[in-house]
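S.K.: Structure for the following, please:
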Amino acid sequence: MTNFKDKKILLVDDETDILKLLETVLLKENFTNIYKATSGQEAIEMTKTINPDLIVLDIMLPDMDGFQVCRQLREITLVPIIFLSARDEDVDKLLGLGIGGDDYITKPFSPREVAFRIKAHFRRNSSL
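M.R.: Model (predicted):
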């Protein structure tokens, strides 16, 4: 069984209510190393510093869109990136997955589903 307690998760969204909601659910699911960023640049800098094991990334951020952030993150890390976005068009999903995203969840979303998808990524990667 995978130990999720030590996994570092970076949540990136400019809506602080969403960050708080996800953090609460992840804490209930025994994740303890949760980091939060509210802009693309902050996410990139935090990734360099904390080296997260997984990133949940919103697309509509104040300084740059999540697609740009993902492209820059892929230059420095290969950790799983789960897009979380209100943009639900197929073209957005395909773009997100095509540029290096590993999953794409549309808003509104179930916070528990996000937590369980995170666990699924960790389980799958631990068996490689």
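S.K.: now this structure, which segments are flagged as low pLDDT?
M.R.: Counting by pLDDT under 70, the chain contains low-confidence residues at 1-2, 127-128.
S.K.: now the strands for it?
M.R.: Shown for the chain, the strands assigned by DSSP state E span residues 8-12, 33-37, 54-58, 81-85, 103-106.
S.K.: Just want the most central residue of this structure.
M.R.: The chain has Val56 as the residue nearest its centroid, 0.9 Å off, counting by C-alpha atoms, centre = their mean.
S.K.: just checking, that residue touches Arg117?
M.R.: No: distance between Val56 and Arg117: 9.2 Å, which falls outside the contact criterion (C-beta atoms under 8 Å). For the C-beta atoms, the positions are set from N, CA and C on the backbone; glycine is no exception.
S.K.: can you list contacts of the helix ranked longest in the chain?
M.R.: For the chain, the helix reaching the highest residue count under DSSP state H is reported as helix 111-126. For helix 111-126, the external contacting residues (C-beta atoms under 8 Å, 6 or more residues apart in numbering) are 2, 4, 7, 9, 21-22, 24-26, 28-29, 31, 53-54, 56, 80, 82, 84, 102-103, 105.
S.K.: tell me which residues of that helix are tucked away?
M.R.: Buried positions in helix 111-126, judged by neighbour count with 16 or more other C-beta atoms under 10 Å: 111, 114-115, 117-119, 121-122.
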